[in-house]
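K.L.:
Predicted model, plus sequence, below.
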Amino acid sequence: MNTFTIVFLIALTISSSVQFWLAKRHAEHVAAHRSAVPDAFKAKVPLAAHQKAADYTLAKIKLGNIDSALGIVILLILTLGGGINWAFNYWNTIASSPLLAGVAAIATIFLILTVIEIPTSVYQTFVIEEKFGFNKSTVNQFVKDQFLHLGLGAAIGLPLLALILWIMDNVGSLWWLWAWGIIMGFSLLMSWLYPTVIAPLFNKFTPMDEGSLKDRIQGLLARCGFNSQGIFIMDGSKRSGHGNAYFTGLGNNKRIVFFDNLVNSLEDEELEAVLAHELGHFKCKHVIKMLIATSIMSLISLAILGWLINEPWFYSGLGVEQPSHAAALLLFLLVSSSFTFFMQPISAYFQRKFEFEADDFAASNAKASKMISGLVKLYEENANTLTPDPLYSAFHYSHPPAAIRIAHLESKA
């Protein structure tokens, strides 16, 4: 142990304690308001649906607390318990080069973390989602998804990891600038490829049929000056009863996607309003703003890592005996969240601000009343709680709480 060990343990204790405290507040607040529908929704949401949302939220909070506690234990085992140190010592003895040893050690740790997360995913899917009527996935589909995610992670992530480690080892003290440029370029490439190459590996995307809905959507796109490579229906119902809509891609590879269960749940004008909200993110340049913010944070993070890799106390303080660039990268990825936890409400604040701006755009280009009715249906059908704890939502919610969001839209109606 050294001074940094104590600093890390303090940061982990504080961030974890705040996280559990917020979850406790959230659970108590939801449970306390379970018996009555909020006044703003009394005429729109049945009591049974409100109570289902409360019970669903409480079940997810309980599982989240267990998962968080397990994550803390695993993190301590990997760092101070010597798990990472063992992985690097093992691969250094059998790999043909330090680069391969580093890639193999990092891959081993992330494979272990992935396997540990599987029971949580199984319980979430086949117990909680099943209990509340959302799970549509089969065991075969679940297993297939797990292997597909793992295969894609290996096929895409391992070459990128090897390139970053090579740059760290060979470029010099400013390696982090080169690494940042490569990571940003890779992120843009993946965003461009996702709609047509990656997403179809998991779901079927069918062009929207001709008809009144497509005509309405095309009219909205024309009014908003939005060009896309098509309007598609995704078979989201093969895994879940939750509905959603989004646009994805960059440049000339943008797609508009509706979940099939969303199309079946909402009226045409409600779907138009929901899509107008998504287009609002595009027209208000939220995607670009988030990309710039992410780029800046990534650059700062890599610059900090560029300093830490030369500090012996960073390795010894986290249980690693032999310093290496690969070990520094892995340690940084695993422990940085304990130090950046209190930046989360700042990020959430700006995301909620963007949601309000997108709602304003939707109210100007579609009917605000239809946006409201569509959201209420989504809240009910997705079992989103209408009574979140204010402090918890300030920390964690990327969207405004239901009552606040509906009130804002009503002011625009």
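P.N.:
Ah, there it is. Numbers count the residues shown, from 1 in each chain.
K.L.:
wait, what's in contact with the closest residue to Leu12 other than its chain neighbours?
P.N.:
Ranked by CB to CB, 6 or more residues apart in numbering and with sequence neighbours excluded, the top spatial neighbour of Leu12 is Ser338, at 4.6 Å. From N, CA and C alone the C-beta is placed, and that goes for glycine too. For Ser338, the residues meeting the contact criterion (CB atoms under 8 Å, 6 or more residues apart in numbering) are Phe8, Ala11, Leu12, Ser15, Ser16.
K.L.:
top of those residues by neighbour count?
P.N.:
Phe8 (23 neighbours; other CB atoms under 10 Å).
K.L.:
host element of that residue?
P.N.:
helix 3-32 (DSSP states H and E).
K.L.:
Check which residues of that helix are buried.
P.N.:
For helix 3-32, burial by neighbour count (16 or more other CB atoms under 10 Å) applies to 4-5, 8, 11-12, 15-16, 19, 22-23, 25-27, 29-30.
K.L.:
that older thread, list the buried residues for whichever strand or helix holds the residue nearest to Leu12?
P.N.:
Ser338 belongs to helix 325-340 when elements are defined using DSSP H and E. By neighbour count on 16+ other CB under 10 Å, the buried set for helix 325-340 is His325, Ala326, Ala327, Ala328, Leu329, Leu330, Leu331, Phe332, Leu334, Val335, Ser338.
K.L.:
Test my guess that the first one contacts Asp169.
P.N.:
Yep, that's His325 we're talking about. Yes: His325 is within contact range of Asp169, at 5.8 Å (criterion: CB atoms under 8 Å).
K.L.:
if I look at Leu331, how far off is Val263?
P.N.:
Using CB to CB, to the nearest Å, one obtains 46 Å as the distance from Leu331 to Val263.
K.L.:
same thing with Asn382?
P.N.:
Applying CB to CB to Asn382 and Val263 gives a distance of 15 Å.
K.L.:
what's the weakest-modelled helix or strand in this protein?
P.N.:
strand 245-248 (a mean of 79; mean pLDDT, DSSP states H and E).
K.L.:
just for this protein, where's the confidence low?
P.N.:
The chain contains residues with pLDDT under 70 at 251-252.
K.L.:
which residues sit in contact with the closest residue to Phe332 other than its chain neighbours?
P.N.:
Among residues not flanking Phe332 along the chain, Leu305 sits closest, at 5.0 Å (CB to CB, 6+ apart). Contacts of Leu305 were listed using CB under 8 Å, 6+ apart, and they are Trp176, Ala328, Leu329, Phe332.
K.L.:
again, but for Leu375
P.N.:
So Leu375 contacts Val274, Ala402, Arg405, Ile406, Leu409 (CB under 8 Å, 6+ apart).
K.L.:
May I ask which of these has the most neighbours?
P.N.:
Most surrounded of the contacts of Leu375: other CB under 10 Å gives Val274, at 25 neighbours.
K.L.:
list the contacts for that residue?
P.N.:
Contacts of Val274 (CB under 8 Å, 6+ apart): Ala245, Leu262, Leu266, Ala362, Met371, Gly374, Leu375, Leu378.
K.L.:
Quick check: phi and psi on the third one?
P.N.:
Comment: the main-chain dihedrals of Leu266 come out as phi -110, psi 150, following degrees, to the nearest 10.
K.L.:
Surely Phe356 is in a helix?
P.N.:
Yes: applying DSSP: H, G, I helix; E, B strand; the rest coil, one finds Phe356 inside a helix.
K.L.:
Against Ile406, how distant is it?
P.N.:
For Phe356, the distance to Ile406 - CB to CB - is 12 Å.
K.L.:
now do Glu381
P.N.:
Counting by CB to CB, the gap between Glu381 and Ile406 amounts to 16 Å.
K.L.:
Would you map the strands across the stretch 101-250 of the chain?
P.N.:
205-207, 231-234, 245-248 (DSSP state E, counting those that start in this stretch).
K.L.:
Show me what counts as buried in the first one.
P.N.:
Right, the one you point to is strand 205-207. Buried, per 16+ other CB under 10 Å, within strand 205-207: nothing.
K.L.:
Pairing partners for it, with directions?
P.N.:
Applying DSSP bridges, strand 205-207 is found paired with strand 231-234 (antiparallel).
K.L.:
which among the contacts of Leu305 gets closest to Leu161?
P.N.:
Leu329 (8.4 Å; CB to CB).
K.L.:
show me what contacts that closest one?
P.N.:
Ile106, Ile164, Leu165, Met168, Leu305.
K.L.:
And Ala402, by the same measure?
P.N.:
Phe41, Leu375, Tyr379, Asn384, Thr385, Leu386.
K.L.:
Just flag the most distant two among those residues.
P.N.:
Maximum pairwise distance among the contacts of Ala402 (CB to CB): 13.8 Å, between Leu375 and Thr385.
K.L.:
State the number of residues packed around Gly230.
P.N.:
Other residues near Gly230 come to 12 when the count uses other CB under 10 Å.
K.L.:
Restricted to helices, list the contacts of Leu375.
P.N.:
Val274, Ala402, Arg405, Ile406, Leu409 (DSSP state H).
K.L.:
what two of these are the furthest from one another?
P.N.:
Maximum distance among the ones in helices among the contacts of Leu375 (CB to CB): 14.9 Å, for Val274 and Ala402.
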